[in-house]
Every structure is written in structure tokens, then in C-alpha cells.
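Asker: The following comprises the amino acid sequence and a computationally predicted model.
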Amino acid sequence: MFWLFVQYLWYLLAALALGVLVGWLWWGRRLKRSVEVTQDVQRQLTSAKAGHDQLAKEHEATERQLVSAGDASKQHGDAVARIGELETSLAAVTTRAQDGDAVLAAANARAEEHATRLASLRAEHVQLAHAHAELQGVSRFVLPPLAERVPAGDRRDDLTVVEGIGPKMADALHAAGIHTFEQLSNATEPELRVAVEASKLSFAPSIATWSKQAALLARGDQAGFATYTAWLVAGVPPTDGSPDPLGTRFRASDRILAMAGAAPARAAEPAFRLGSGPDDLTIVEGIGPKMAAALHAAGIHTFAQLSTSTEPQLRSAVEAAGLPFAPSIPTWAKQADHLAKGDVAGFTAYTDRLVAGREPGTE
């Protein structure tokens with residue numbers, strides 16, 4: 001019985017051992033499979049995490065690109081606006097360039113016109129020169145240098161008779177070798193400006209009319225001189241557009257006739273009229289016939305009246321006559337005061353110090 005029990009126990013133990021072995025084999029395989037699956041899952045998780053990190057980096061890079069793209073878009077908008085402004089500026093510059101071309105074309109046309117006129121004047125001068133040479137019995141006419149234009153006998157004229165020339169201006173012309181009306185009539189405007197500037201006298205607004213005035217005086221044409229100076233305003237052509245009563249330009253024939261000595265005569269020197277009647281206000285340096293007429297219209301007829309007139313009153317009188325150009329007005333009353341008192345020496349000394357009727361150094 002016992003032996004039978006032991007035998008069954010042996011079989012039971014063998015079966016149990018077999019079952020444990022089978023279970024161990026089966027569960028071992030499953031465990032191994034589970035480990036492999038777990039490792040695969042871990043690898044996948046690791047790979048997924050690496051992919052996630054990569055995606056995060058790509059997301060950040062994308063965000064930065066979006067920000068850059070936004071900035072670039074804004075800059076593009078600003079650039080478009082700036083381009084529009086530049087295009088507008090370019091159009092304006094192009095328009096101005098076209099206007100400049102038109103002005104240049106007009107200037108070229110005027111230059112050609114002036115060149116044509118200059119050629120005509122030169123031809124006229126040559127013709128007159130030949131005519132003068134034939135009259136003088138010489139082969140050709142040559143204008144001598146300014147320093148050599150001194151008439152026979154060393155004759156001297158009172159150049160202050162010419163409107164716009166005062167004692168200082170006359171001294172400047174004398175220093176340049178100009179002593180007579182003939183010499184003054186033949187001096188060109190650049191020559192006269194050099195003579196004036198050499199004496200440190202820069203203010204000479206009437207210098208362009210001196211030669212014509214002198215030519216009339218050299219020819220003894222007192223009526224023409226009076227007509228011409230009456231048209232002038234302080235020695236300068238008026239700005240009202242009225243035509244020159246003796247012609248719009250100084251012809252070369254006037255100078256040739258002056259040099260030839262055609263009816264030369266010294267202009268009558270002005271005299272002080274210090275009587276009870278009206279005085280000759282044109283003796284005051286800076287007052288010509290038109291200025292004197294303007295003062296007469298304002299009730300100023302004598303040196304005494306002029307000496308007591310204020311500068312605003314004198315300016316009002318001149319402007320009422322439509323004569324705005326009167327730079328020497330500030331000295332008129334003082335000049336007239338000397339004349340009213342009969343102080344000819346004081347008047348001469350004072351006017352010798354003036355420059356074109358103005359105090360030295362005034363603008």
C-alpha cells in the first residue's frame with residue numbers, strides 16, 4: 001500500500017515537474033517576448049521623442065521665419081511707398097529738366113540774336129571807320145588808347161556838367177586821363193568802370209549814360225543834352241518804359257563826330273542863382289531836371305526851402321512824381337543849406353567829399 005502510494009507520488013512529482021518545466025518554457029518565451037516588445041516600445045518612444053524634439057525645433061524655426069517674413073513684408077511695403085515717392089520726385093525733376101531745356105533754348109536763341117546784332121554793329125563800325133578815314137585822308141581809322149585821347153592845347157571841360165558825375169567822380173576820370181567831353185564820349189563803359197573803381201568809388205549807377213551825355217556836349221548840342229537829361233532820372237533811364245527821345249542806343253557815328261571835333265563847345269557852367277526868385281535846384285548833386293520838377297510840384301523852389309525839408313518829405317515828393325530812384329536824398333538838405341547861405345566854398349568842400357551825391361561808405 002505504502003509502496004503504491006510512493007509510486008503514485010513519484011508519478012505525481014514527475015507530472016508536477018513536467019508541468020513546471022512546460023510552464024517555465026511557455027512563460028519564459030512569453031516573458032522574453034514581452035521584454036522584446038517592451039524594448040521595441042522603448043525604442044519607438046525614444047524615436048518618437050527624437051521626432052518630437054525635431055518637430056519642436058522645426059516649429060521654432062518656422063516661427064522665426066514667419067516673424068522674418070512679417071518684417072520683410074513691412075519693409076516691402078515701406079520700399080513700395082519709397083519707390084512711389086522717388087518716382088514722383090523723378091517726374092518733378094524731369095519736368096524741371098524740360099523747363100530748363102526750354103529756358104536754355106530761349107537763352108541760346110537770344111544769344112544768337114545778340115551775336116547777329118553784334119556782327120551788324122561791328123560791320124556798321126567798320127563802315128563808319130572807313131568813311132571817317134576817307135574824310136580825314138588817312139588809310140584807316142584806329143581808336144587811340146584812352147591815355148592818348150587828349151585834344152590839342154590840353155583843353156579841359158567841366159565833367160560835372162554830365163548828370164551823375166560829381167567832383168569825386170570827375171577826379172577819378174581825370175586820374176584815368178579823361179579831361180574833355182570828347183574823351184568821355186569815346187570811353188567805353190568798361191573803361192569808365194575801371195577808372196571809377198581805381199579811385200575806390202564803386203557806386204556809379206548812371207555810368208552807362210555818361211558817354212552819350214558827353215557826346216552831345218562835345219558836339220555843342222545843348223538842346224539835345226537838355227532833352228536827354230530831362231528824360232533821365234538821376235542820370236539813369238526811367239523805368240516807366242518811355243523811349244529815349246534821342247534814340248534807343250548810342251550810335252558809333254556820335255563818337256566819330258565827337259572825335260573829329262565836329263562843332264566842339266564847352267557846356268555852359270552852372271551858376272548859382274541866389275536871388276529872391278526860384279533857385280536852380282539842379283546845382284545840388286543828385287538832382288536832375290526831373291527831380292527838380294518833382295520838388296517844384298511839391299512846392300520846393302528855393303535852396304532855403306530845400307534846406308529845411310526833411311528826408312521823408314523829399315522822398316514823398318519824389319515818389320509822388322513816380323521817381324523812386326533817389327539814393328542821394330539824405331544829402332540834399334545839407335547841400336542846399338550851404339547854397340542858401342551863399343557858402344559856395346562850403347558847398348564845394350562838402351560835395352567834393354560826396355560820392356555820386358552820397359556820404360562815403362553808405363549803401
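Answerer: It's in.
Asker: So which bits of the helix or strand containing Thr227 are buried?
Answerer: Assigned by DSSP states H and E, Thr227 belongs to helix 222-231. By 16 or more other CB atoms under 10 Å, the buried positions in helix 222-231 come out as 224-225, 228-229, 231. To be clear about C-beta, it is placed using only N, CA and C from the backbone, and glycine gets the same treatment.
Asker: now for the top helix by length along the chain, which elements pack on it?
Answerer: Assignment by DSSP state H gives helix 2-136 as the longest helix of the chain. Helix 2-136 sits against helix 252-260, with contacts defined as 3 or more CB pairs under 8 Å, 6 or more residues apart in numbering; DSSP states H and E.
Asker: average pLDDT for the helix it packs on?
Answerer: Helix 252-260 carries an average pLDDT of 44.
Asker: and what of stretch 17-28?
Answerer: For stretch 17-28, the per-residue pLDDT averages 79.
Asker: Tell me how far it lies from the chain's centre.
Answerer: With CA atoms, centre = their mean, to the nearest Å as the basis, stretch 17-28 stands 117 Å off its chain's centre.
Asker: Kindly format the C-alpha coordinates of that stretch as CSV.
Answerer: The C-alpha trace of stretch 17-28 is given here as CSV (Å, rounded to 0.1, in the frame of the first residue of the first chain):
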residue,chain,number,x,y,z
ALA,A,17,8.0,18.7,-12.6
LEU,A,18,6.9,18.3,-16.2
GLY,A,19,4.2,20.9,-15.7
VAL,A,20,6.6,23.3,-14.1
LEU,A,21,9.0,22.7,-16.9
VAL,A,22,6.3,23.2,-19.6
GLY,A,23,5.1,26.3,-17.7
TRP,A,24,8.5,27.7,-17.3
LEU,A,25,9.2,27.2,-21.0
TRP,A,26,5.9,28.7,-22.0
TRP,A,27,6.1,31.7,-19.6
GLY,A,28,9.8,32.2,-20.4
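Asker: Would you map the helices across the stretch 201-350 of the chain?
Answerer: Under the criterion DSSP state H, counting those that start in this stretch, the stretch 201-350 of the chain contains helices at 207-218, 222-231, 252-260, 289-297, 303-307, 311-320, 329-340, 344-353.
Asker: What angle do helix 289-297 and the helix holding Thr227 make with each other?
Answerer: If you take axes from the mean of the first three to the mean of the last three CA atoms, to 10 degrees, helix 222-231 sits at 60 degrees to helix 289-297.
Asker: Any chance of a markdown table for the helices of the stretch 201-350 of the chain, columns distance to Leu9?
Answerer: Supplementary listing: the helices of the stretch 201-350 of the chain in a markdown table, determined by distance: least, CB to CB, whole Å:
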| stretch | distance to Leu9 |
| --- | --- |
| helix 207-218 | 158 |
| helix 222-231 | 166 |
| helix 252-260 | 166 |
| helix 289-297 | 165 |
| helix 303-307 | 169 |
| helix 311-320 | 156 |
| helix 329-340 | 158 |
| helix 344-353 | 164 |
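Asker: before we move on, back to that, mind checking how far the helix holding Thr227 is from the chain centre?
Answerer: Relative to its chain's centre, helix 222-231 lies at 36 Å (CA atoms, centre = their mean).
Asker: Next: stretch 44-64.
Answerer: Using CA atoms, centre = their mean, the offset of stretch 44-64 from its chain centre is 71 Å.
Asker: Excluding chain neighbours, what is closest to Asp240?
Answerer: Gly322 (6.6 Å; CB to CB, 6 or more residues apart in numbering).
Asker: Need phi/psi at that neighbour.
Answerer: Dihedral angles phi and psi of Gly322 (degrees, to the nearest 10) take the values phi 70, psi 30.
Asker: All set now, cheers.
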